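**Q** Sequence and predicted structure are below.
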Amino acid sequence: MQFNEFPYFSRYLDNMSNLVIIPTYREKENIEALIRSISELPVPFDILIIDDKSPDGTAGIVKELQASRKNLYLIERPGKLGLGTAYITGFKWALERGYAFIYEMDADFSHDPRDLVRLYETCHDNGADVAIGSRYISGVNVVNWPLSRVLMSYFASIYVRMITGMKVMDTTAGFKCYRREVLENIHPDHIKSVGYGFQIEMKFTAWKLGYKIVEIPIIFTDRKLGSSKMTGGIFNEALWGVLRMKLRSMVTKYPKK
């Protein structure tokens, strides 16, 4: 019997190939509720938490939840090693285990878990290679940020588009879905950026490789619990990194898909 003869079973198997990667550091106030919210969605998602030795016991909460949740996995790292390296660790883990769709998501509920289903549908049903939950594709959809931070983020995306030529409106977005083959061909180990510049470089590389990138509008709501990890230094590092990334791209060959 071939499963592809039965569309219902084929779709179910596809659903079981979703992995959401969530880096954490000091997220004890949010992590249990987030895991429960994702686990209750109509599309099944596995969850990989990558914790950088949170001093508040975030990893311990995840371990307790693992006892009753087969879809929950944890990687503990020895300290704060950077957002980019956390995702690279997660990508490798996902590719080794054959996941078809791999997601990035923040741990603080700034990304609505229900929007994971929309990202999934954009790739699985509508043919996108990369789906981005975008704050800026339909105006500015940011709640509870101070105006200074909204402007910094919005104009940073304009700056990135000017330097790179990408048509992506939300170039620093951290809420995304990748098809497996995109990550296989990007080779995340080759990505140079570590902090928020990592988000830009991943999109830029996928774009240079010729993958179909689709933005869907989301409402981004600033965290209600816990403390932000974002600093001006991190953002400045990302902006200078865009120039270096663009210069490297001028001597790099990107085979089209």
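**A** Now that the structure is in, tell me what you want to look at.

**Q** Any idea what the closest residue to Glu104 other than its chain neighbours is bridged to?
**A** In space, and not counting its chain neighbours, Glu104 is closest to Lys176: 4.8 Å by CB to CB, 6 or more residues apart in numbering. All C-beta atoms are positioned from the backbone trio N, CA, C, and that covers glycine. Beta-bridge pairing of Lys176, defined through DSSP bridges, involves Glu104, Ile132.

**Q** list the contacts for Lys176?
**A** Tyr103, Glu104, Leu119, Val130, Ala131, Ile132, Gly133, Met202 (CB atoms under 8 Å, 6 or more residues apart in numbering).

**Q** redo that, cut-off 7 Å
**A** Contacts here follow CB atoms under 7 Å, 6 or more residues apart in numbering; on that basis Lys176 touches Tyr103, Glu104, Val130, Ala131, Ile132, Gly133.

**Q** what about the last one, distance to Thr58?
**A** The reference is to Gly133. In this view, Gly133 and Thr58 are 23 Å apart by CB to CB, to the nearest Å.

**Q** got the residue ranges for the strands in the protein?
**A** For the chain, the strands identified by DSSP state E occupy 18-24, 46-51, 72-76, 101-104, 130-134, 142-143, 176-179, 213-217, 220-221, in order along the chain.

**Q** what's the angle from the fifth one to strand 213-217?
**A** Between strand 130-134 and strand 213-217, the angle comes out at 30 degrees (axes from the mean of the first three to the mean of the last three CA atoms, to 10 degrees).

**Q** Need the contact partners of strand 130-134.
**A** Surrounding strand 130-134, the residues in contact under the criterion CB under 7 Å, 6+ apart are 111, 115, 119, 122-123, 168-170, 173, 175-178, 182, 206, 211, 213-218.

**Q** Relative to Val142, which of the contacts of Lys176 is nearest.
**A** Among the contacts of Lys176, Gly133 lies closest to Val142 (CB to CB), at 12.2 Å.

**Q** Which pLDDT value does the model give the residue lying closest to the closest one once chain neighbours are set aside?
**A** Spatial nearest neighbour of Gly133, excluding adjacent residues (CB to CB, 6+ apart): Phe175 at 3.5 Å. Among the per-residue scores, Phe175 shows a pLDDT of 97.

**Q** quick thing: my sequence starts at 34, can you match it?
**A** Let's use 34 as the start, then, which means that last one is Phe208.

**Q** just the helices in this protein please.
**A** Secondary structure of the chain, counting by DSSP state H: helices at 40-48, 64-72, 91-99, 116-129, 148-157, 180-197, 213-219, 230-241, 265-282.

**Q** The residue nearest to Gly166: how many residues sit nearby?
**A** By the other CB atoms under 10 Å criterion, the neighbourhood of Phe208 contains 24 residues.

**Q** what's the answer for Thr155, then?
**A** As a measure of burial, Thr155 has 20 neighbours, counting by other CB under 10 Å.

**Q** For stretch 222-235, which residues meet the burial criterion?
**A** Ile224, Ser226, Val227, Gly228, Tyr229, Gly230, Phe231, Gln232, Ile233, Glu234, Met235 (16 or more other CB atoms under 10 Å).
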